[in-house]
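Trainee: sequence first, predicted model second:
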Amino acid sequence: ETGVTQTPRHLVMGMTNKKSLKCEQHLGHNAMYWYKQSAKKPLELMFVYNFKEQTENNSVPSRFSPECPNSSHLFLHLHTLQPEDSALYLCASSQWGTTKQETQYFGPGTRLLVL
Amino acid sequence: RKEVEQDPGPFNVPEGATVAFNCTYSNSASQSFFWYRQDCRKEPKLLMSVYSSGNEDGRFTAQLNRASQYISLLIRDSKLSDSATYLCVVTQKGVLSGTYKYIFGTGTRLKVLA
């Protein structure tokens, strides 16, 4: 299944590094999302983009910086992360209609370890 | 109170058993409802949408009770391959007009035993 792809799949970085996560959706959707999933916690919504416009920023620290150059691509730029930021970062996409939104489809995730 | 609450389990059931999960949500304005399945170290995948009239897909039956604000998932004739975490998801309108957000429960872990 290649509807939503994410790279890299695994990432180890130091607290002073800068890295970027990439997500691409091939489903023609108009909305894209970043989620964080830590052990024993529910998925935490980080950012939402609709037609390249950011519509939700869920009080995410500024060390996470999203970028959405077009409706098919989404990036998450990381800098000066903390060990507690280690988690699975999931990208998703969906199609927003006029009265409701449709199912979200997830990418395989990037498993991030901050040392 | 959490926006979406689920019993984390684990539910350990023998093959062939029937098992039911419930999920409650706090926002009466929630709009759409889904069950997702997440295997260990994998991404969540849609299992089924949930409608007020109830819907069935093979061995899986989902029900929505808006008055009591809960959603259920029934799995009949459990298979070993059903072992996974089942996530309850509701959608709500976002802060900005015309936007939406998905709220996930913590998930219920199911183990089907041989």
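Mentor: On my side now, so go ahead.
Trainee: what residue lies at the spatial centre of chain A?
Mentor: Residue closest to the average C-alpha location in chain A (C-alpha atoms, centre = their mean): A:Trp34, at 2.6 Å.
Trainee: past the worst-scoring helix or strand of chain A on mean pLDDT, which element shows up next along the chain?
Mentor: Ranked by mean pLDDT, DSSP states H and E, the weakest helix or strand in chain A is strand A:53-57, scoring a mean of 71. Of the helices and strands lying after strand A:53-57 in sequence (DSSP states H and E), the nearest is strand A:64-70.
Trainee: against which helices or strands is that following strand packed?
Mentor: strand A:31-37, strand A:44-50, strand A:73-79 (3 or more C-beta pairs under 8 Å, 6 or more residues apart in numbering or on different chains; DSSP states H and E). Using the backbone N, CA and C atoms, a C-beta is placed for each residue, glycine as well.
Trainee: how far out from the middle of the chain is the second one?
Mentor: If I follow you right, that is strand A:44-50. From the chain centre to the centre of strand A:44-50 is a distance of 7 Å (C-alpha atoms, centre = their mean, to the nearest Å).
Trainee: what comes into contact with that strand?
Mentor: A:30-38, A:54-58, A:60, A:64, A:66, A:68, A:74, A:76, A:96, B:94, B:98-99, B:101-103 (C-beta atoms under 8 Å, 6 or more residues apart in numbering or on different chains).
Trainee: contact residues of chain B facing chain A?
Mentor: Residues of chain B lying close to chain A (C-beta under 8 Å from any C-beta of the partner chain) are B:4, B:31-32, B:34, B:41-46, B:49, B:87, B:89, B:91, B:94-96, B:98-107.
Trainee: which among those residues count as buried?
Mentor: B:4, B:32, B:34, B:43-44, B:49, B:87, B:89, B:91, B:94, B:99-107 (16 or more other C-beta atoms under 10 Å in any protein chain shown).
Trainee: how about the residue lying closest to B:Pro14 once chain neighbours are set aside, what does it touch?
Mentor: Sequence neighbours aside, B:Leu113 is the residue nearest to B:Pro14 in space, at 5.4 Å (criterion: C-beta to C-beta, 6 or more residues apart in numbering or on different chains). Contacts for B:Leu113 were tallied using C-beta under 8 Å, 6+ apart; they are B:Asn12, B:Val13, B:Pro14, B:Glu15.
Trainee: look up phi and psi at B:Leu113.
Mentor: Here is the backbone geometry of B:Leu113 (degrees, to the nearest 10): phi -100, psi 140.
Trainee: surely B:Gly16 and B:Asp77 touch.
Mentor: Yes. With contact defined as C-beta atoms under 8 Å, B:Gly16 and B:Asp77 form a contacting pair (5.7 Å).
Trainee: what would the contacts of B:Leu113 look like in a markdown table with secondary structure, neighbour count and pLDDT?
Mentor: Shown next, in a markdown table, are the contacts of B:Leu113 (DSSP: H, G, I helix; E, B strand; the rest coil; neighbours: other C-beta atoms under 10 Å in any protein chain shown; pLDDT from 0 to 100):
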| residue | secondary structure | neighbour count | pLDDT |
| --- | --- | --- | --- |
| B:Asn12 | strand | 13 | 96 |
| B:Val13 | strand | 17 | 96 |
| B:Pro14 | strand | 9 | 97 |
| B:Glu15 | coil | 12 | 97 |
